[in-house]
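*Asks:* Got a sequence here, can you build the structure:
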Amino acid sequence: MDVRKVVVVVEEVEAARSALEWALHNIIRYGDIITLLHLYPFTSSKSKSKSRLLRLKGFHLALSFQDICNKFSNTKVEIVVTQDNKEGMKIVGAVRDIGASMLVVGLHYQSFLYKLAMGHENISRYFNCRVIAINQPPIIMSPQTHQSPLSSLDTSSNMDFSHIHISELEVPETPPPKEKYRICPDPTAIIWRLKKSRRR
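*Replies:* I've put the predicted structure just below:
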């Protein structure tokens, strides 16, 4: 069995944690290598201390994601923390450098996939691996078209893209049990005639 490298984007949002948990339950198999990839924001400041602080914060965030992975046996985890760039293409380059066979992303309003989809006509050429986008309800829609910005990717023949919606299982309300109709609710109310009536 080939060893797969699965990259999970680490962000300080619940959608990213849900995406990791979904991947651990559904697609991660024995021997796979999970790379937790976090990109801290680009800063134009010349102060190295600010960049170092953002990097340290991102590393601690990635460690919290590693704690989730540790709950599952036989998981191999790597952590990559690097600075984003203005174009938002750093994740694409990092995924290529890692040689990932799969990219798992939790979708939210600031997701890099949305930025790429709205800034480029065809983003499928940037990825050479399968992309799995996990979306929790409510579904994010574009206010101009009332459609998801990623809807055009679902039919792309050049990109292995899966858009998965997850939600909590809702158990329908159970109606109260019906009472059986009693033909004779009170048996003592019936008087049986044991003797035949006399004919006059």
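
*Asks:* measure Phe112 to Ser73 for me?
*Replies:* Plainly put, Phe112 is 31 Å away from Ser73 if you go by CB to CB, to the nearest Å. Heads up, the C-betas are built off the backbone N, CA and C, glycines and all.

*Asks:* repeat for Gln83
*Replies:* When CB to CB is applied, the distance between Gln83 and Ser73 equals 33 Å.

*Asks:* Repeat that for Ala133.
*Replies:* 27 Å.

*Asks:* neighbour count winner among those two?
*Replies:* When neighbours are counted by other CB atoms under 10 Å, Ala133 and Ser73 differ, and Ala133 comes out ahead with 22 against 6.

*Asks:* who does the host helix or strand of that one touch, helix- and strand-wise?
*Replies:* Per DSSP states H and E, Ala133 falls inside strand 130-135. Judged by 3 or more CB pairs under 8 Å, 6 or more residues apart in numbering; DSSP states H and E, the packing partners of strand 130-135 are helix 14-26, strand 102-106, strand 161-165.

*Asks:* let's go with 6 Å and repeat that
*Replies:* strand 102-106, strand 161-165 (3 or more CB pairs under 6 Å, 6 or more residues apart in numbering; DSSP states H and E).

*Asks:* other SSEs contacting the biggest helix by length in the chain?
*Replies:* Longest helix in the chain by number of residues, with DSSP state H as the criterion: helix 48-70. Judged by 3+ CB pairs under 6 Å, 6+ apart, helix 48-70 is in contact with strand 33-40, strand 76-83.

*Asks:* What average pLDDT does that helix get?
*Replies:* Confidence over helix 48-70, taken as the mean pLDDT, stands at 92.

*Asks:* what comes up buried for it?
*Replies:* Of the residues in helix 48-70, those buried by neighbour count under the rule 16 or more other CB atoms under 10 Å are Ser51, Leu54, Gly58, Phe59, Leu61, Ala62, Phe65, Gln66, Ile68, Cys69.

*Asks:* Nearest to Lys90 among those?
*Replies:* Within the set of the buried residues of helix 48-70, Gly58 lies nearest Lys90; the separation is 12.6 Å, counting by CB to CB.
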